[in-house]
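Peer 1: next come a sequence and a model predicted from it.
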Amino acid sequence: VNAIVPEKQYVFGDDMPEITTDCELGNIKFISGQILTAGTNDYQWEFTPTDTNYYEVVTGTVTITVEAATPEVTVPEVSMTVPTGTEVKLSDIVLEEGFTWKDSSLVVNENGYFKAIYIKDNSGNYKEVEVDIYITLNYIEEPTDDSSSKKGCKGSIVASIFGVLALAGSVTILRKKRQY
């Protein structure tokens, strides 16, 4: 039995393709429960002969190469209020799950876009996507008296999309949907 799979570019998320055979003495199908996953993998098929009195069911495998899918990405934007003179590094800004800064050592000294990498999961079924995240810094003057309100203004800043912890000022997170 010769199993034939259409030659095309398969991507994770595609349905199992139709499988055919050049043998006219029965029907061929993929064994149920299989899904296409990224990489070069073997998938099992089963040939059931029309006349099972003389012929037996035959199984085999076919190799299919599947590309990783490009995930949809909602890119966050970050807006932070910090005391004037506070040095903010990208490593001080924690992003939502899946996002990491491309170079977390960069200092943010003006509003602008900064490179991040988005990884949907570690399955290997999705490509990594490089995105630009816009950061807005809003500077405020620190109090000049010796009151206790001055304490804690020189700490690190942590901004999270799911919750905000600000040791050096108030932080506001904005979300803007951008497709990549």
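Peer 2: Perfect, I can see it now. Residues are numbered from 1 along each chain as shown.

Peer 1: list the contacts of F12.
Peer 2: Under the criterion of CB atoms under 8 Å, 6 or more residues apart in numbering, the neighbours of F12 are L36, T37, A38, V66, E67, A68, A69, N125, Y126. Every residue, glycine included, has its C-beta placed from N, CA and C.

Peer 1: could you rerun that using 10 Å?
Peer 2: 35-39, 66-71, 123-127 (CB atoms under 10 Å, 6 or more residues apart in numbering).

Peer 1: same check, this time on T48
Peer 2: L25, G26, N27, I28, K29, Y55, E56, V57, V58.

Peer 1: buried among the residues you listed? Make that a ChimeraX selection.
Peer 2: In ChimeraX syntax, the buried subset of those is picked out as below (16 or more other CB atoms under 10 Å):
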select :26,28,58
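
Peer 1: just the C-alphas of stretch 102-115, formatted as CSV.
Peer 2: What follows is stretch 102-115, C-alpha atoms only, in CSV (Å, rounded to 0.1, in the frame of the first residue of the first chain):
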residue,chain,number,x,y,z
LYS,A,102,15.7,41.7,24.1
ASP,A,103,18.4,43.7,26.1
SER,A,104,17.2,44.2,29.7
SER,A,105,20.4,46.3,30.5
LEU,A,106,19.2,49.3,28.5
VAL,A,107,18.4,52.5,30.4
VAL,A,108,15.1,54.2,29.5
ASN,A,109,15.8,57.9,29.6
GLU,A,110,13.1,59.0,27.1
ASN,A,111,9.8,57.9,25.7
GLY,A,112,10.1,55.4,22.9
TYR,A,113,10.0,51.8,21.6
PHE,A,114,12.1,49.1,23.1
LYS,A,115,12.6,45.6,21.6
